[in-house]
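Peer 1: The following block contains a protein sequence and its predicted model.
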Amino acid sequence: MSQASAISLQHISKVYKRYHHPVERLKEALWPGPAKAEEFWALRDINLEIAPGDTVGIIGRNGSGKSTLLQIIAGTLQPTTGELAVRGRVSALLELGSGFNPEFTGRQNAFFNGQILGLSHAEMAAKFENIMQFAAIGDFIDQPVKTYSSGMFVRLAFAVAINVEPDILIIDEALSVGDEAFQRKCFARIYDLQEKGVTVLFVSHSATSIIELCDHAVLVDEGEIIAKGTPKIVVANYQKLIYAPDEARGELRSQLRQEALQTPGWSDHRQDWTETVAQVPQPVTEPASDRDRQAQYDPYLVPQHSIAYQSRGAKIKHPDIKTLAGQSANLLCRGEKYVYSYDVYFSQTATQVSFGMLIKTISGVELGGMASHRDAERLALVPAGSLIKVEFEFFCSLLPGTYFLNAGVLGQVNGETIYLDRAVDLAMFKVQPETCLQATGIIDFGVIPKVYRLSAIAQS
């Protein structure tokens with residue numbers, strides 16, 4: 001193992017035996033001889049070096065070997081061949097149900113997991129309050145986990161995994177089970193662990209999450225690493241693979257695997273991939289005439305994990321989203337205008353003041369925002385005791401989904417422009433689903449498709 005590696009895998013393979021009938025397993029054990037089972041290689045000759053502090057995304061089709069790879073790194077599976085070296089404490093959040101005894105309570109399972117990772121009872125007791133607060137499952141902490149919903153289970157499992165101070169954190173698709181607010185909370189904590197130098201292995205089918213979260217990515221297919229490098233490029237290859245025609249997939253796999261074998265370390269080049277995409281005309285359908293265009297308000301749609309900056313003489317309060325008619329709303333309609341507002345109370349005199357807002361996705365991607373003033377037009381003086389209402393009118397061009405809002409107040413202190421106050425994930429809203437929606441992605445750019453029927457042209 002390289003001294004610079006947190007995880008080193010050298011020629012790791014894992015084989016399983018598959019029997020056509022249960023009795024064949026017994027016959028093979030009692031009467032050694034020719035194998036009575038088929039061999040299934042879940043992993044073949046995996047070679048990978050991961051440096052401390054790296055976040056590596058692992059992506060691939062179902063059954064490609066991703067989870068088997070993580071279980072071997074986590075120590076819950078032993079490889080058939082090869083050498084594995086892991087440096088540091090590993091905390092793993094694997095598939096739902098692993099690691100917890102369903103008959104024990106959440107509290108008991110949390111303490112047992114800590115002991116398995118080498119923490120004493122006293123150390124876990126000191127961390128338990130943080131686990132409770134993050135999981136937020138209330139009195140269920142003292143109920144058997146077999147009574148938990150899948151969301152409650154993941155809340156507790158993730159809370160334990162991140163609070164045992166791991167050197168290496170492994171996450172296998174578990175975050176897709178939680179609700180939107182909890183997912184945002186988890187992503188925020190993962191970013192915090194990244195800042196602290198924790199090595200993260202992240203398996204997801206979400207290409208966006210891999211791109212946003214990871215430094216490097218690995219594409220696993222049929223038990224082999226067939227691509228590794230920059231997340232954007234690996235994800236592009238993954239999508240190219242899954243959408244390739246069956247007859248072309250084998251050749252593409254071979255091509256990608258050969259390139260991966262020629263790249264012993266991480267590829268850091270930014271290659272432009274050009275593909276020929278068949279443009280298939282889509283049937284044109286009229287929008288539903290009875291679509292409810294009224295914005296609505298859900299009192300329970302509030303952020304679970306707002307983060308406030310240290311106040312420097314200003315305090316942001318009372319965030320709100322309203323329609324132009326003044327109706328509070330957090331279930332918005334695409335294509336309508338809204339007003340995002342908040343109040344700012346100044347406990348100290350401030351100079352060169354401006355205000356801002358920002359809209360983000362669940363995973364924290366900054367979609368866009370606005371400052372209230374240009375640099376040269378900031379408010380020159382705001383006296384102590386002032387209360388200012390800030391409003392940002394915006395056109396909702398976002399596609400259906402859940403989004404979060406930031407707010408910030410800038411001012412000058414000792415000649416330097418800094419945040420006088422800032423609130424992250426201060427408010428949240430959903431853009432309501434639509435029928436017959438043609439736009440894709442996150443933002444509706446107002447693209448107008450035009451399809452022309454052309455007469456056939458004879459080829460020479």
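Peer 2: Alright, I've got the coordinates.

Peer 1: Run the chain-centre distance for the lowest-mean-pLDDT helix or strand in the chain.
Peer 2: Within the chain, no helix or strand scores below helix 22-30, which has a mean of 73 by mean pLDDT, DSSP states H and E. How far helix 22-30 lies from its chain's middle: 44 Å, per CA atoms, centre = their mean, to the nearest Å.

Peer 1: so where's the chain uncertain?
Peer 2: The model of the chain has pLDDT under 70 over residues 1-3, 33-36, 95-98, 174-178, 245, 263-293, 363, 456-460.

Peer 1: Give me the domain ranges for it.
Peer 2: Using automatic domain parsing, the domain ranges for the chain come out as 7-88+167-261, 307-431.

Peer 1: Using a markdown table, lay out these together with mean neighbour count.
Peer 2: C-beta here means a position set from N, CA and C on the backbone, and glycine is covered the same way. Formatted as a markdown table, the domains of the chain follow (neighbours: other CB atoms under 10 Å):
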| stretch | mean neighbour count |
| --- | --- |
| domain 7-88+167-261 | 18 |
| domain 307-431 | 17 |
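
Peer 1: how about the ones you listed, which one is nearest residue 108?
Peer 2: domain 7-88+167-261 (19.7 Å; CB to CB).

Peer 1: to the chain's geometric centre, what's the distance from that closest one?
Peer 2: Distance, centroid of domain 7-88+167-261 to centroid of chain: 17 Å (CA atoms, centre = their mean).

Peer 1: end to end, how far does that domain reach?
Peer 2: Using CA to CA, to the nearest Å, one end of domain 7-88+167-261 lies 19 Å from the other.

Peer 1: what do you get for stretch 137-154?
Peer 2: For stretch 137-154, the end-to-end distance is 10 Å (CA to CA).

Peer 1: Now do the buried residues in it.
Peer 2: Along stretch 137-154, these residues count as buried under the neighbour rule (16 or more other CB atoms under 10 Å): 137, 140, 141, 144, 145, 148, 152, 153, 154.

Peer 1: where's the last one relative to residue 62, distance?
Peer 2: From residue 154 across to residue 62, the span is 19 Å (CB to CB, to the nearest Å).

Peer 1: ok, now the second one?
Peer 2: Separation of residue 140 from residue 62 (CB to CB): 31 Å.

Peer 1: same thing with residue 194?
Peer 2: 27 Å.

Peer 1: go on, residue 436?
Peer 2: Taken as CB to CB, the span from residue 436 to residue 62 is 30 Å.

Peer 1: now swap in residue 5 and tell me
Peer 2: Following CB to CB, the distance that separates residue 5 from residue 62 is 29 Å.

Peer 1: what does residue 311 give?
Peer 2: According to CB to CB, residue 311 and residue 62 sit 48 Å apart.

Peer 1: Equivalent analysis for residue 161, please.
Peer 2: Counting by CB to CB, the gap from residue 161 to residue 62 is 23 Å.

Peer 1: again, but for residue 100
Peer 2: 24 Å.

Peer 1: quick one on the thing from earlier: would you list the buried residues of stretch 137-154 in CSV and tack on secondary structure and distance to residue 216?
Peer 2: As requested, the buried residues of stretch 137-154 are exported to CSV (DSSP: H, G, I helix; E, B strand; the rest coil; distance: CB to CB, whole Å):
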residue, secondary structure, distance to residue 216
137, coil, 34
140, helix, 38
141, helix, 37
144, strand, 40
145, helix, 34
148, coil, 34
152, helix, 33
153, helix, 30
154, helix, 25
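
Peer 1: Would you agree residue 114 is in contact with residue 161?
Peer 2: No - contact status for residue 114 versus residue 161: not in contact, 10.6 Å apart, counting by CB atoms under 8 Å.

Peer 1: Looking at the two now, which is surrounded by more residues?
Peer 2: The neighbour count for residue 114 versus residue 161, taken as other CB atoms under 10 Å, is higher for residue 161 (25 against 22).

Peer 1: was I right about the more buried one contacting residue 155?
Peer 2: No - taking contacts as CB under 8 Å, residue 161 lies outside contact range of residue 155: 11.0 Å.

Peer 1: any idea how far residue 322 is from residue 116?
Peer 2: With distances taken as CB to CB, residue 116 is found 51 Å from residue 322.

Peer 1: now swap in residue 246 and tell me
Peer 2: Distance of residue 246 to residue 322, given as CB to CB: 52 Å.

Peer 1: which residues in the stretch 251-400 of the chain form strands?
Peer 2: All strands of the stretch 251-400 of the chain, identified by DSSP state E, counting those that start in this stretch, fall at 307-308, 314-323, 331-332, 337-346, 350-360, 366-371, 379-382, 387-395.

Peer 1: how about those, which one is nearest residue 183?
Peer 2: With CB to CB as the measure, strand 350-360 is the member of those nearest residue 183 (12.5 Å).

Peer 1: Now do the contacts for residue 342.
Peer 2: Going by CB atoms under 8 Å, 6 or more residues apart in numbering, residue 342 touches 316, 317, 318, 319, 320, 389, 390, 407, 426.

Peer 1: Is residue 52 part of a helix or strand, or is it coil?
Peer 2: Of the three states, residue 52 takes coil under DSSP: H, G, I helix; E, B strand; the rest coil.

Peer 1: sorry, that was for residue 170
Peer 2: Classification of residue 170 using three-state DSSP returns strand.

Peer 1: Beta-bridge partners for it, please?
Peer 2: Beta-bridge pairing for residue 170 (DSSP bridges): residue 92, residue 201.

Peer 1: which residues touch it?
Peer 2: Contacts here follow CB under 8 Å, 6+ apart; on that basis residue 170 touches 70, 73, 74, 90, 91, 92, 93, 94, 200, 201.

Peer 1: name the element the residue minimising distance to the centre of the chain belongs to?
Peer 2: Nearest residue to the geometric centre of the chain (CA atoms, centre = their mean): residue 209, 4.1 Å. Per DSSP states H and E, residue 209 falls inside helix 207-213.

Peer 1: After that helix, which helix or strand is next? Please name it.
Peer 2: Counting by DSSP H and E, the element after helix 207-213 in chain order, helix or strand, is strand 216-221.

Peer 1: mind saving the C-alpha coords of that next one as CSV?
Peer 2: Presented in CSV, the C-alpha positions along strand 216-221 are these (Å, rounded to 0.1, in the frame of the first residue of the first chain):
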residue,chain,number,x,y,z
HIS,A,216,-13.0,11.5,-9.0
ALA,A,217,-15.3,8.8,-10.3
VAL,A,218,-15.2,5.1,-11.2
LEU,A,219,-17.4,3.3,-13.6
VAL,A,220,-17.9,-0.4,-12.7
ASP,A,221,-19.5,-2.8,-15.2
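
Peer 1: helices or strands next to the helix or strand that that strand is followed by in the packing?
Peer 2: Next helix or strand after strand 216-221 toward the C-terminus (DSSP H and E): strand 224-229. Taking 3 or more CB pairs under 8 Å, 6 or more residues apart in numbering; DSSP states H and E as contact, the helices and strands that strand 224-229 lies on are strand 38-50, strand 216-221, helix 231-242, helix 246-261.

Peer 1: I'm done for today, thanks for sticking with me.
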